[in-house]
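*Asks:* Structure, please.
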Amino acid sequence: MALNWSAIFASVKDRIQRSGVRAEEGRLGPQTTGIFDGLSIVTNCDCDRETQSHNLVHSFGHITQWSVERSRCETLYEKLHTAKELKDADSLERALRDFRAYEEEASGYAAWLLIDTGNAAAVPSFTPFARADIEAIVSYHREGVAPVWNEFFAAWQARAERKEIEIVPFEPRQIPPFTPCPIAPQEIVRGIAVLQPSHSATRRSLGPHSVREMPGQRLSGHGVAGLRATMPRAFQIESRTYSTYSSSEKGLTIYDFSATTGSP
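*Replies:* This next block holds a predicted model:
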């Protein structure tokens with residue numbers, strides 16, 4: 001039986017808002033599937049409800065982490081950023097080990113939230129999505145090359161079907177009582193591809209599915225190789241204004257290969 005993702009989204013949204021975190025929707029552009037700032041989560045209404053639900057619960061998991069152990073989260077990002085700047089392979093792997101644990105912990109909170117809201121049936125869908133997402137962002141931080149999400153996820157699922165990788169369930173972690181605290185906005189960004197004007201197969205990925213560098217860094221700080229962040233746009237939701245960007249370069253056309261709706 002197909003899951004009713006609209007009902008799942010509504011129930012977890014209600015629980016999140018009762019915790020003191022606003023859950024909203026907005027048109028964020030083709031690259032951004034969500035933004036969270038500690039006090040609110042905005043999901044992209046142009047995405048399907050399943051994608052919105054996954055991003056909503058995972059973002060709430062991160063808000064839980066930052067509200068409960070802010071200093072630990074800040075230290076984790078600082079170590080990752082330093083290791084990447086120094087190009088120290090050993091330090092980077094240690095930082096990525098901690099980063100992977102951080103992402104898994106957030107997904108554990110997300111899995112518990114789904115179960116506790118009566119949506120345990122959604123966990124088997126959330127699990128591969130979140131597992132692949134972790135691999136995509138770890139790959140980006142390690143290699144400096146951001147995978148195109150829809151291609152990466154399809155290949156990852158194919159490997160799982162061939163039993164080349166095991167989809168390990170997340171250990172549900174009960175969300176403790178906490179007071180939400182503000183953090184600099186963090187964007188969840190999809191990988192996209194760039195086609196040359198000749199429509200050849202030459203492609204460059206502009207951002208991983210969930211790029212999260214140091215909180216508050218903009219898209220231009222997320223390894224957008226050779227492109228300029230231009231044409232700042234602002235969208236406003238309940239009196240709070242966020243900036244988002246279209247990236248362009250003369251002679252190139254940008255297509256979003258992972259958007260669920262809309263056109264390039």
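*Asks:* did I read that right, V42 in a helix?
*Replies:* No: per DSSP: H, G, I helix; E, B strand; the rest coil, V42 lies outside any helix segment and is strand.
*Asks:* how far away is it from V168?
*Replies:* 30 Å (C-beta to C-beta, to the nearest Å). All C-beta spots, glycine's among them, are computed from the backbone N, C-alpha and C.
*Asks:* In what element of secondary structure is C47 found?
*Replies:* Taking DSSP states H and E as the definition, C47 sits outside all helices and strands.
*Asks:* Let me fix that, I meant to ask about Q174.
*Replies:* With DSSP H and E as criterion, Q174 is part of no helix or strand.
*Asks:* Tell me which of V42 and V168 has more neighbours.
*Replies:* Legend: neighbour count by other C-beta atoms under 10 Å for V42 and V168, higher for V42 (29 against 9).
*Asks:* Model confidence at the residue nearest to S59 when sequence neighbours are not counted, what's the number?
*Replies:* Spatially, and ignoring its direct neighbours in sequence, S59 is nearest to F36 (4.2 Å; C-beta to C-beta, 6 or more residues apart in numbering). Here the pLDDT value assigned to F36 is 95.
*Asks:* For F36, give me its contacts.
*Replies:* Taking C-beta atoms under 8 Å, 6 or more residues apart in numbering as the contact definition, F36 lies against 42, 59-60, 62-63, 185-186, 188.
*Asks:* which residues in this protein form helices?
*Replies:* Assigned by DSSP state H, the chain shows helices spanning 5-18, 49-68, 70-86, 89-116, 123-143, 149-161.
*Asks:* other SSEs contacting the fifth one?
*Replies:* With contacts taken as 3 or more C-beta pairs under 8 Å, 6 or more residues apart in numbering; DSSP states H and E, helix 123-143 sits against helix 49-68, helix 89-116, helix 149-161.
*Asks:* what residue ranges in the stretch 101-250 of the chain score low on pLDDT?
*Replies:* Residue ranges of the stretch 101-250 of the chain with pLDDT under 70: 191-250.
*Asks:* neighbours of the residue lying closest to I115 once chain neighbours are set aside, just the number please.
*Replies:* Sequence neighbours aside, P172 is the residue nearest to I115 in space, at 5.8 Å (criterion: C-beta to C-beta, 6+ apart). When neighbours are defined as other C-beta under 10 Å, P172 has 18 of them.
*Asks:* I'd say P172 and W112 touch.
*Replies:* Yes: look at P172 against W112 with C-beta atoms under 8 Å: they come within range, at 3.9 Å.
*Asks:* quick one on the thing from earlier: most tightly surrounded among the helices and strands packed on helix 123-143?
*Replies:* helix 49-68 (a mean of 24; mean count of other C-beta atoms under 10 Å).
*Asks:* That one vs helix 70-86, what angle?
*Replies:* Taking axes from the mean of the first three to the mean of the last three C-alpha atoms, to 10 degrees, one finds helix 49-68 and helix 70-86 inclined to each other by 110 degrees.
*Asks:* which other helices and strands contact helix 49-68?
*Replies:* helix 5-18, strand 32-36, strand 40-44, helix 70-86, helix 89-116, helix 123-143, strand 186-189.
*Asks:* Tabulate these in TSV, adding columns for distance to A155.
*Replies:* Shown next, in TSV, are the helices and strands packed on helix 49-68 (distance: least, C-beta to C-beta, whole Å):
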stretch	distance to A155
helix 5-18	24
strand 32-36	19
strand 40-44	23
helix 70-86	25
helix 89-116	19
helix 123-143	9
strand 186-189	19
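*Asks:* Specify the stretch among the ones you listed that is closest to W149.
*Replies:* The closest of the helices and strands packed on helix 49-68 to W149 is helix 123-143. By C-beta to C-beta, the value is 6.6 Å.
*Asks:* Format the CA atom coordinates belonging to the closest one as CSV.
*Replies:* Extracted C-alpha coordinates of helix 123-143, given in CSV (Å, rounded to 0.1, in the frame of the first residue of the first chain):
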residue,chain,number,x,y,z
VAL,A,123,11.1,4.7,8.2
PRO,A,124,12.0,2.1,5.5
SER,A,125,11.7,4.9,2.9
PHE,A,126,13.6,7.5,5.0
THR,A,127,16.5,5.1,5.8
PRO,A,128,17.9,4.6,2.3
PHE,A,129,17.4,8.3,1.5
ALA,A,130,19.3,9.4,4.6
ARG,A,131,22.0,6.7,4.2
ALA,A,132,22.7,7.8,0.7
ASP,A,133,22.6,11.4,1.7
ILE,A,134,25.3,10.8,4.3
GLU,A,135,27.5,9.1,1.7
ALA,A,136,27.0,11.9,-0.8
ILE,A,137,28.0,14.6,1.6
VAL,A,138,31.0,12.6,3.0
SER,A,139,32.1,12.0,-0.6
TYR,A,140,31.9,15.7,-1.3
HIS,A,141,33.9,16.7,1.8
ARG,A,142,36.5,14.0,1.0
GLU,A,143,36.9,14.4,-2.7
